[in-house]
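S.K.: Quick one, what's the 3D model for this:
(one chain, ligands or ions: 2)
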Amino acid sequence: MRALERVRDGMRRDQVFGFMMPRGRPTLDTSHSIVLYIEQLNVSFDGFKAINDLNLYVDAGELRCIIGPNGAGKTTMMDIITGKTRPDSGQVWFGQSMDLLEMDEPQIANAGVGRKFQRPTVFEALTVFENLELSMAGPRGTWRAFRASLIDEQLDTISSVLKTIGLESSTKQLAGQLSHGQKQWLEIGMLLMQKPKLLLVDEPVAGMTHQEMERTGELLKKLAGEHTVVVVEHDMDFVRSIANKVTVLHQGSVLAEGTMDQVQNNAEVRRVYLGE
Ligand SMILES: Nc1ncnc2c1ncn2[C@@H]1O[C@H](COP(=O)(O)OP(=O)(O)O)[C@@H](O)[C@H]1O
Ligand SMILES: [Mg+2]
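M.R.: Ligands and ions are numbered 1, 2, ... in the order given. Sure, this is the predicted structure:
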């Protein structure tokens, strides 16, 4: 094994964060590996229950779609997972050893939870390559000083991410010149540079052309497996095109869960979500 790989193995994220190992673990079902475990979660804003006894379990490698009407609590749920919002009660675990409620935002990000916001936030004045280079896992800000020594392994990572997001032929293009869809893919690429285990993606196809939507669907499907992907999306056709398991949120808790067909035929879902 190459020395670098050995070092990296020794720095597995859950081990790095071993000091955060909890005292009392939840009684997890270990028959399959759950990457995200949310139980009895509650948060109120000025007395309004935005998250209400929410339970959600996402398996390793899943591509889970979360749908639900405006105000259902989807963004709030992501805010809690990423440490931006503190819940009033409940549990949120990443894997079986990391209690996310004990960690702050940078710690959660470093542990391997990547979040893609709705608006792309790429550096428009930099090239596609430079955007990816800047996002590389590792100590931030040091890369410029050591640019000459950007090692083969890092270059390999960049080119494999470029291939994944389909921007190999735009390496030298300024990010500001990319189409809206390409910017979104670049931002997903920037997240991938951090080698996240769990990717949270909020409304990835808003504002995209039909063709861009199709490519985004393919990208997200490709990422699942190696990563666990949780997608919040309003566009039903898009969800149908990528969905395996769908969770419907309503008033801060899970209203229904299953295949797209199952949830679309669920009477409760039709009543509250589809307005029937
Ligand atoms: N920081 C906040 N302060 C007060 N109310 C909030 C805050 N964040 C969300 N809410 C409220 O919580 C509810 C859920 O919002 P949100 O999670 O954004 O829903 P969704 O993303 O499903 O549309 C909404 O009624 C929203 O107004
Ligand atoms: Mg939202």
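S.K.: measure whichever residue of the stretch 51-200 of the chain sits closest to ligand 2 to D53 for me?
M.R.: Residue nearest to ligand 2 within the stretch 51-200 of the chain (CB to the ion): T75, separated by 3.3 Å. Glycine gets a C-beta too; all of them are placed from N, C-alpha and C. T75 sits 18 Å away from D53, going by CB to CB, to the nearest Å.
S.K.: Low-confidence stretches in the chain?
M.R.: 1-32, 137-150, 274-276 (pLDDT under 70).
S.K.: Which stretches in it count as helices?
M.R.: In the chain, the segments counted as helices under DSSP state H are 3-10, 13-16, 74-81, 105-110, 128-134, 152-165, 180-192, 210-223, 236-242, 260-264, 267-272.
S.K.: Out of these, the one nearest ligand 1 is which?
M.R.: Among these, the nearest to ligand 1 by CB to the nearest ligand atom is helix 74-81 (3.3 Å).
S.K.: other SSEs contacting the closest one?
M.R.: Packing partners of helix 74-81 (3 or more CB pairs under 8 Å, 6 or more residues apart in numbering; DSSP states H and E): strand 34-45, strand 48-59, strand 198-202, strand 228-232.
S.K.: near ligand 2, which residues of the stretch 51-200 of the chain?
M.R.: For the stretch 51-200 of the chain, the residues in contact with ligand 2 (CB under 5 Å from the ion) are 74-75.
S.K.: neighbours around the residue of the stretch 51-200 of the chain closest to ligand 2, how many?
M.R.: Residues near T75, counting by other CB atoms under 10 Å, number 18.
S.K.: isn't it right up against E203?
M.R.: No. With contact defined as CB atoms under 8 Å, T75 does not reach E203; the gap is 9.3 Å.
S.K.: Can you check which residues contact both of the two?
M.R.: Both T75 and E203 are contacted by V232, under the criterion CB atoms under 8 Å, 6 or more residues apart in numbering.
S.K.: sorry, back to before: how much space is there between the nearest residue in space to the residue of the stretch 51-200 of the chain closest to ligand 2 that is not next to it in sequence and ligand 1?
M.R.: Excluding the flanking residues, the one nearest T75 by CB to CB, 6 or more residues apart in numbering is D202, at 6.6 Å. Note on D202: its distance to ligand 1, by CB to the nearest ligand atom, to the nearest Å, is 8 Å.
S.K.: what sits against D202?
M.R.: Contacts of D202 (CB under 8 Å, 6+ apart): 74-75, 78, 115-118, 232.
S.K.: List buried residues within these.
M.R.: 74-75, 78, 115-116, 232 (16 or more other CB atoms under 10 Å).
S.K.: what about D156, distance to A175?
M.R.: Using CB to CB, we find D156 at a distance of 22 Å from A175.
S.K.: Please identify which of these two sits among more neighbours.
M.R.: Using other CB under 10 Å, the more surrounded residue of D156 and A175 is A175, with 24 against 10.
S.K.: May I have the residues that are in contact with the more buried one?
M.R.: Taking CB under 8 Å, 6+ apart, one finds 122-128, 131, 183, 186 in contact with A175.
S.K.: Swap in 6 Å and give it another go.
M.R.: 122, 124, 126, 131 (CB atoms under 6 Å, 6 or more residues apart in numbering).
S.K.: Find the nearest non-adjacent residue to it, please.
M.R.: A175's closest residue in space is V122 (CB to CB, 6+ apart), at 4.3 Å.
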